[in-house]
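Take this sequence and fold it.
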Amino acid sequence: MLGWKILATFTLVFGLVFAAPSAQAQSAQPDDIVGTWNSESLKLEFFKVGAEYQARILWGDRIVESDGTTFKKDALNPDPSLRSRSLQGIVMVKGLTFQNGEWSGGTAYDASSGRTVNCKAEIAEGKLHMRGYVGVSLLGQTVVFQRATKPSSDVAKPSAAKR
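The predicted structure follows:
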């Protein structure tokens, strides 16, 4: 009789400890990523295009000149025709789709190196964790973002030209 109670208690505790994080991740909704997010060195605006999520660069300490406001050129882009464009507002993240509580299957362009890497993202405890990697995600790097502004219906779409 005592063995059964110990087993039941162990099962309950095991379930609470290991199921809680996945239940928290599962509570994310597809459009939760939409809006403006800041890290220590980067500011991105996520928006939805069709069934995928993308993000444009609003600011980054490695993509602006020493004055902190003038955007550098995309000089390291592997496409020579894009090397003279400004990095301001370029779409850096493409192809993220929402499935099983996370956004995956995307790519992220690192303008400071000219490389494009795979990426995925999840929201945990109100923070956006975006992981860039080559090959398997285990061999990557995660950047943590704080929400800068609450999403709104007009942020979900790329802004049209202002009149």
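
Going by C-alpha atoms from here, please, whenever you check contacts or count neighbours.
Will do.

Tell me who's in contact with the residue nearest the centre of the chain.
Geometric centre of the chain, nearest residue: Met130, 3.9 Å, by C-alpha atoms, centre = their mean. Residues near Met130 by C-alpha atoms under 8 Å, 6 or more residues apart in numbering: Cys119, Lys120, Ala121, Glu122, Thr142, Val143, Val144, Phe145.

State the pair within the residues you listed that is farthest apart.
Put simply, by C-alpha to C-alpha the two of these set farthest apart are Cys119 and Phe145, 14.4 Å from each other.

neighbour count winner among the two?
Taking other C-alpha atoms under 10 Å, Cys119 and Phe145 do not tie; Cys119 has more neighbours (25 against 21).

Residues contacting the helix or strand containing that one, please?
If you go by DSSP states H and E, Cys119 is part of strand 115-124. Strand 115-124 has contacts (C-alpha under 8 Å, 6+ apart) with 24-25, 28, 33, 77-78, 96, 101-110, 128-135.

Return the subset of those residues lying in strands.
96, 102-110, 128-133 (DSSP state E).

Gly60: which of those residues is nearest?
Among the ones in strands among the contacts of strand 115-124, and counting by C-alpha to C-alpha, the member closest to Gly60 is Asp110, at 10.8 Å.

The closest one and Cys119: what is the separation?
Distance of Asp110 to Cys119, given as C-alpha to C-alpha, to the nearest Å: 11 Å.

just to revisit the earlier point, and the residue nearest to the centre of the chain, what are its bridge partners?
Using DSSP bridges, the bridge partners assigned to Met130 are Ala121, Val143.

follow-up on the earlier one: out of the contacts of Met130, which are buried?
Cys119, Lys120, Ala121, Glu122, Val144, Phe145 (16 or more other C-alpha atoms under 10 Å).

could you dump those residues to CSV with distance to Gly50 and pLDDT?
Putting the buried ones among the contacts of Met130 into CSV (distance: C-alpha to C-alpha, whole Å; pLDDT from 0 to 100) gives the following:
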residue, distance to Gly50, pLDDT
Cys119, 19, 97
Lys120, 18, 97
Ala121, 18, 97
Glu122, 20, 97
Val144, 25, 97
Phe145, 24, 98
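
which one among the residues you listed gets closest to Lys73?
Nearest to Lys73 among the buried ones among the contacts of Met130 is Cys119, at 23.3 Å by C-alpha to C-alpha.

Okay, now the unreliable bits of this structure?
1-26, 149-163 (pLDDT under 70).

again, only this time at 90
The chain contains residues with pLDDT under 90 at 1-28, 68, 112, 135-139, 149-163.

Would you map the helices across it?
For the chain, the helices defined by DSSP state H occupy 2-26.
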